[in-house]
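Trainee: Quick check, what structure comes out for this input:
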Amino acid sequence: GSQRLWLVDNIPLLMTYVAPRIPAVIQAPLAPIAGLTANQLEEACRLIAAASRPVIYAGGGIVSADCPELLLQLAEVLQCPVTTTIMGQGAFPPDHPLALHALGMHGSKYANTAVNEADLVLALGVRFDDRVTGKVDSFIATGKIIHIDIDRNELNKNKTVTLPICADLRAALQQFCSTAAPGNYTEWLAYVSGLREQFPYVVPAGDTLSPQYAIDLLSAMTAGEAIVSLGVGQHQMWAMQHYRARRTRSFLSSSGFGTMGYGLPAAIGAKVGCPDRQVIDIDGDGSLNMTIHELAVCHRFGIGVKVVVINNQWLGMVRQWQDMIYDKHRSGSDLSDPMAVKRVGEESVYPNFLKIAEGYAVRAERVTRREDLAAAFERMLANPDEPYLLDVIVAPEENVYPMIPAGGSYRDIIMSEADLAARTKATQGSSI
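Mentor: Residues are numbered from 1 along each chain as shown. This is a model prediction of the structure:
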């Protein structure tokens, strides 16, 4: 019957069948990854000694290796400026004289200039992401690069480097701190310090409630000690620029995953894990819409997460790119209510996050004026165990600057609206 037909059809398969080997062959595990070999350490120290314009470019690997104190020690031993990726926020003291803060598409002009004009870059626990490099061929085009990462697949993947080293960062930095000797970087440090003073991140002055002001004020009022989580978009970049995180594992971002809606669930997990710390979800109205139902978890389990909504009624980053690249042909980026009929001077914010929060029994308030924000933050932060939503209505069409257009280099950086207006469309970016 059917079994005979199956045998006939599968005779070729049965003739090639190989019985499994018992016991199964098990591959030997890779050797544990340790520090640098003697030859690697010698060559790295030689490159450091020969440099006159060094920069440390540090990322999430410093956080994963739990060695921010060694990064600080190495920077001070070498007297070498440090710039960090968004994944490396909190790994280096933000008010340190050697701090260059974030680099990349929306990083500081001083960090981007320094890393590209350096003659030696120590890339520690980074992956040369396209949001950092821009046009890869133009990124660190002339400087030498020592790249240390525990994942050997990241070495020479996106950027070919001078000395690729697969090593445990903690062990590697311990070796550097005890072996590497600084050069004379007086002129270089003066130049970098001048860049930092000349091109600071800008908080708009005046009476307007700007997103930069809101996040800068929150950073000051929490002394950079809160755990902050983020959604994705303009608010994420403003937080990277203006929230001065002082600890590792305290600046939670989906980063390369680009996950809208990440902020509130991440904040809930952080607050459960660190109940004695302030935990704040700095979110955009677009991102918060993805997971706002998690306010129910905050209320039902008494999880004191604070949600600060940087509410501009747009998918702001999408709108900014549509304006720059597509000549203000906006599509699907306006989040306001198209059906609203407003009286003159009437405020219309959509959706109404206050009513949504009320439905979940979470305390909430809205701020529309700059002068009212500090007091609102005080009320929000007063009880660390109370869930709270603060809807901050900011200038609706503020853009994120600095910005290196997609596919550009640090020389193409756009610093302001006036700077943007002077550019041709061809130099404002090509695609996401």
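Trainee: Val392 in helix, strand or coil?
Mentor: At Val392 the chain is in strand, as set by DSSP: H, G, I helix; E, B strand; the rest coil.
Trainee: these two touch, right, it and Val309?
Mentor: Yes: in this structure Val392 lies within contact range of Val309 using CB atoms under 8 Å: 6.1 Å. Placement of C-beta: from N, CA and C, glycine included.
Trainee: Who has more neighbours out of those two?
Mentor: Each of Val392 and Val309 had its neighbours counted (other CB atoms under 10 Å), and the higher figure belongs to Val309 (30 against 26).
Trainee: Wait, a strand at that one?
Mentor: Yes: remark: Val309 belongs to a strand, assigned using three-state DSSP.
Trainee: Quick one: residues contacting it.
Mentor: Contacts were defined as CB atoms under 8 Å, 6 or more residues apart in numbering; by that measure Val309 touches 283-285, 288, 353, 389-392.
Trainee: Arg152 too?
Mentor: Taking CB under 8 Å, 6+ apart as the criterion, Arg152 is in contact with Cys166.
Trainee: In terms of helices and strands, where is the nearest residue to Lys306 once chain neighbours are set aside?
Mentor: The shortest distance from Lys306 to any residue other than its chain neighbours is 4.5 Å, reached at Ile280 (CB to CB, 6 or more residues apart in numbering). Using DSSP states H and E, Ile280 falls within strand 279-284.
Trainee: can you give me the mean pLDDT across that strand?
Mentor: Here the mean pLDDT over strand 279-284 is 98, rounded to a whole number.
Trainee: Repeat that for stretch 94-114.
Mentor: For stretch 94-114, the per-residue pLDDT values average out at 97.
Trainee: Which of the contacts of Val309 ranks first by neighbour count?
Mentor: Across the contacts of Val309, neighbour numbers were computed from other CB under 10 Å; Asp283 holds the maximum, 33 neighbours.
Trainee: you'd agree it is up against Leu230?
Mentor: Yes: contact status for Asp283 versus Leu230: in contact at 7.1 Å, counting by CB under 8 Å.
Trainee: burial count for Met380?
Mentor: Counted with other CB under 10 Å, the burial measure for Met380 works out to 23 neighbours.
Trainee: which residues in the stretch 251-400 of the chain form helices?
Mentor: Under the criterion DSSP state H, counting those that start in this stretch, helices of the stretch 251-400 of the chain are mapped to 263-273, 285-291, 295-301, 316-325, 353-359, 373-381.
Trainee: swap that for the stretch 1-150 of the chain, please
Mentor: 2-9, 11-15, 38-50, 60-64, 68-78, 109-117, 130-133.
Trainee: Can you lay out those helices as JSON lines showing mean neighbour count?
Mentor: Rendered in JSON lines, the data for the helices of the stretch 1-150 of the chain read as follows (neighbours: other CB atoms under 10 Å):
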{"stretch": "helix 2-9", "mean neighbour count": "8"}
{"stretch": "helix 11-15", "mean neighbour count": "8"}
{"stretch": "helix 38-50", "mean neighbour count": "15"}
{"stretch": "helix 60-64", "mean neighbour count": "22"}
{"stretch": "helix 68-78", "mean neighbour count": "19"}
{"stretch": "helix 109-117", "mean neighbour count": "23"}
{"stretch": "helix 130-133", "mean neighbour count": "21"}
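Trainee: Can you check which of those helices gets nearest to Ile146?
Mentor: Comparison of these against Ile146 by CB to CB identifies helix 38-50 as nearest, at 5.4 Å.
Trainee: Listing request: residues of the protein with sub-threshold pLDDT.
Mentor: Confidence mapping of the chain against pLDDT under 70 gives the ranges 1-17, 19-24, 26, 28-29, 342-347, 425-432.
Trainee: how close does the residue nearest the centre of it get to Ala111?
Mentor: A centroid search over the chain (CA atoms, centre = their mean) returns Ile86, at 2.5 Å, as the residue closest to the centre. To Ala111, Ile86 is 12 Å away according to CB to CB, to the nearest Å.
Trainee: Mutual contacts of these two, please.
Mentor: With contacts defined as CB under 8 Å, 6+ apart, the residues adjacent to both Ile86 and Ala111 are Ala102.
Trainee: what's the span of stretch 64-73, first residue to last?
Mentor: 17 Å (CA to CA, to the nearest Å).
Trainee: Not counting that stretch itself, show me its contacts.
Mentor: By CB under 8 Å, 6+ apart, the list of residues contacting stretch 64-73 from outside reads 56, 58, 62, 82, 90-93, 96, 124-125, 150, 168-170, 173-174, 177, 248.
Trainee: same thing but at 7 Å, please
Mentor: Contacts to stretch 64-73, defined as CB atoms under 7 Å, 6 or more residues apart in numbering, come from residues 58, 62, 82, 91-93, 125, 168-170, 173-174, 177, 248.
Trainee: Just name the closest of the residues you listed to Glu378, please.
Mentor: Lowest distance from Glu378 to the contacts of stretch 64-73 (CB to CB) belongs to Pro93, with 26.0 Å.
Trainee: can you map out the strands along the stretch 301-432 of the chain?
Mentor: Secondary structure of the stretch 301-432 of the chain (DSSP state E, counting those that start in this stretch): strands at 306-311, 363-367, 388-393.
Trainee: Pick the most deeply packed of these.
Mentor: strand 306-311 (a mean of 28; mean count of other CB atoms under 10 Å).
Trainee: Report the angle between that strand and strand 363-367.
Mentor: In terms of direction (axes from the mean of the first three to the mean of the last three CA atoms, to 10 degrees), strand 306-311 departs from strand 363-367 by 30 degrees.
Trainee: For strand 306-311, what is the distance to the chain centroid?
Mentor: Counting by CA atoms, centre = their mean, to the nearest Å, strand 306-311 is centred 18 Å from the centre of its parent chain.
Trainee: Perfect, that will be all.
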